[in-house]
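Colleague: With the sequence up front, the predicted model follows.
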2 protein chains.
Amino acid sequence: MKAAYGEMASGRFGQKISDATVGRLSRYFRTLKYLEERGVDTVSSEELARRNNITSAQVRKDLSFFGAFGRRGLGYNVRELKLNISHILGLDKEWHLALVGVGNIGLALLNFKQFQEQNFHFALLLDSDPRKIGTHLVGLEVKNLENLTVEVKKAHVDIAVIAVPVEAAQKVADALVAAGLRAILNFAPISLFVPQDVTVRNENMVIDIEHLSFSLTQANTK
Amino acid sequence: MKAAYGEMASGRFGQKISDATVGRLSRYFRTLKYLEERGVDTVSSEELARRNNITSAQVRKDLSFFGAFGRRGLGYNVRELKLNISHILGLDKEWHLALVGVGNIGLALLNFKQFQEQNFHFALLLDSDPRKIGTHLVGLEVKNLENLTVEVKKAHVDIAVIAVPVEAAQKVADALVAAGLRAILNFAPISLFVPQDVTVRNENMVIDIEHLSFSLTQANTK
């Protein structure tokens, strides 16, 4: 069943699954984990919907898309559905992260429990500051950013986290792409230019807080 | 002109402007600030598009929406457009932030320069840990989370940042809403339930990194 499932993941929906759907799968996964930890065996689409602030039709659509169907009156098997989603999202293996830029945001990420719990482990720290290079954090030595290509290969990095100042972000992205990386989590408030086969996710805390000031401003001028 | 502009913001597009547009306005603002700092007077829609990885038609559509029109061959006046966008996003005033949860993420945010540069200032720190309450950070005393309502009023908080463990997030959100807050930046990996007039922006670092492992997994199974 697991093999058949893997075929479906690559065949039936391949790259067509939308960003929004992937985001919801992550949320379902979290809900299922929560329920499993509390000893819950089955869950209805209504319950998954309620806990994620969406409609049950959306839940059923998302899940049927990759071949998971709840049984009427019984719902979904929590453990099975969690394993399936985990497999689709790639959470059933260990991922190696490189942190580029050991500043405040970087330090917070190193101590971010949720990454470790989901099998995302920092395997490489890079910085250009001579005062940081050679120091140790979370059991890792901070390496010289200049040696990015070599270090990325040595540490078998899968995903890079960019936490450098905005001026340096594009240059770092170029170097990461040149070193063969295809997945970047970007904390610099800038749109990165990367080839089409590279996936970038942006953490835009500034843009998000500006959404909030916008909504407050609009509410006040009404 | 500024007064007329304010009217447009509330009248012509009011709440109808989409989240995506607001996000792009934030990005244009950042680009315009960058150009202004480098002494650039005018910018074309093509240049704004190129720097933000979108089409120039999109830029023109977004900007015409709130009455800013570039002049053919000249483009937009950088300073004027920046001021207009700043006014729409509410960046021309100072906003008071409350940080709820003084952990790793919270500490990183306190030292996040970009918030301060955009006039978002932490005015209140709250935590429930007796070892943290009463200590000082960035010139502020950490207050007891139990006194949230009183402290939020005393510090004239506009926006709350939730950086507590996931189990505590909904309870904190409820207390913030009860204290009259209408804007929340949420770092807990959970969907918060809030009344319709409250705006929540979620920082989903876990969900974003799972997008990356998903894309790598899909690329490998093709």
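Modeller: That came through, no problem. For clarity, every value in this text was computed on a predicted model and none was experimentally measured.

Colleague: if I read this right, residue A:70 contacts residue A:45, doesn't it?
Modeller: Yes. Using CB atoms under 8 Å as the test, residue A:70 is close enough to residue A:45 to be in contact (5.8 Å). For the C-beta atoms, the positions are set from N, CA and C on the backbone; glycine is no exception.

Colleague: just checking, next helix/strand downstream of the top helix by length along chain A?
Modeller: Using DSSP state H, we find that the single longest helix of chain A is helix A:19-37. Once the chain leaves helix A:19-37, the next helix or strand it forms, by DSSP states H and E, is strand A:42-43.

Colleague: avg pLDDT for that following strand?
Modeller: Strand A:42-43 shows a mean pLDDT of 95.

Colleague: From the contact counts, what lies against the helix or strand following it?
Modeller: Next helix or strand after strand A:42-43 toward the C-terminus (DSSP H and E): helix A:45-52. Judged by 3 or more CB pairs under 8 Å, 6 or more residues apart in numbering or on different chains; DSSP states H and E, helix A:45-52 is in contact with helix A:19-37, helix A:56-65.

Colleague: returning to that earlier point: intersection of neighbour lists for residue A:70 and residue A:45?
Modeller: A:60, A:63, A:76 (CB atoms under 8 Å, 6 or more residues apart in numbering or on different chains).

Colleague: per-residue confidence at the first one?
Modeller: Reading off the confidence values, residue A:60 has pLDDT 92.

Colleague: now do the last one
Modeller: Reading off the confidence values, residue A:76 has pLDDT 94.

Colleague: Give me the nearest residue to it, chain neighbours excluded.
Modeller: Nearest non-adjacent residue to residue A:76, counting by CB to CB, 6 or more residues apart in numbering or on different chains: residue A:70, 4.5 Å away.

Colleague: which residues does the nearest residue to residue A:199 once chain neighbours are set aside contact?
Modeller: Spatial nearest neighbour of residue A:199, chain neighbours left out: residue B:215 (4.1 Å); criterion: CB to CB, 6+ apart. When contacts are counted by CB under 8 Å, 6+ apart, residue B:215 touches A:182-183, A:199.

Colleague: give me that answer again for 10 Å
Modeller: By CB atoms under 10 Å, 6 or more residues apart in numbering or on different chains, residue B:215 lies in contact with A:15, A:19, A:22, A:89-90, A:159, A:182-183, A:197-201.

Colleague: Over to residue A:54?
Modeller: Counting by CB under 10 Å, 6+ apart, residue A:54 touches A:24, A:27-28, A:48, A:62, B:191.

Colleague: Can you pull the phi/psi pair for residue A:104?
Modeller: Phi and psi for residue A:104, reported as degrees, to the nearest 10, are phi -60, psi -50.

Colleague: Touching, it and residue A:165? I think so.
Modeller: No. In this structure, residue A:104 is not within contact of residue A:165 by CB atoms under 10 Å, at 11.4 Å.

Colleague: higher neighbour count, those two?
Modeller: residue A:104 (17 against 12; other CB atoms under 10 Å in any protein chain shown).

Colleague: how deep is the nearest residue to residue A:24 once chain neighbours are set aside tucked in, by neighbour count?
Modeller: Nearest residue to residue A:24, sequence neighbours excluded (CB to CB, 6+ apart): residue A:62, at 5.5 Å. When neighbours are counted by other CB under 10 Å, residue A:62 registers 23.

Colleague: Please pull out the lowest mean pLDDT helix or strand from chain A.
Modeller: When the helices and strands of chain A are scored by mean pLDDT, DSSP states H and E, helix A:2-8 comes last with a mean of 31.

Colleague: any idea how chain A splits into domains?
Modeller: Following automatic domain parsing, one finds the domains of chain A at A:2-89, A:95-207.

Colleague: quick one on the thing from earlier: mind listing what's buried in the longest helix of chain A?
Modeller: A:21-35 (16 or more other CB atoms under 10 Å in any protein chain shown).

Colleague: just those now: which is nearest chain B?
Modeller: residue A:26 (4.2 Å; CB to the nearest CB).

Colleague: contacting residues around the closest one?
Modeller: Listed by CB under 10 Å, 6+ apart, the contact partners of residue A:26 are A:85, A:89, A:91, A:118, B:189, B:204, B:206-211, B:213-214.

Colleague: Just the ones in helices from the residues you listed, please.
Modeller: A:85, A:89, B:206-211, B:213-214.
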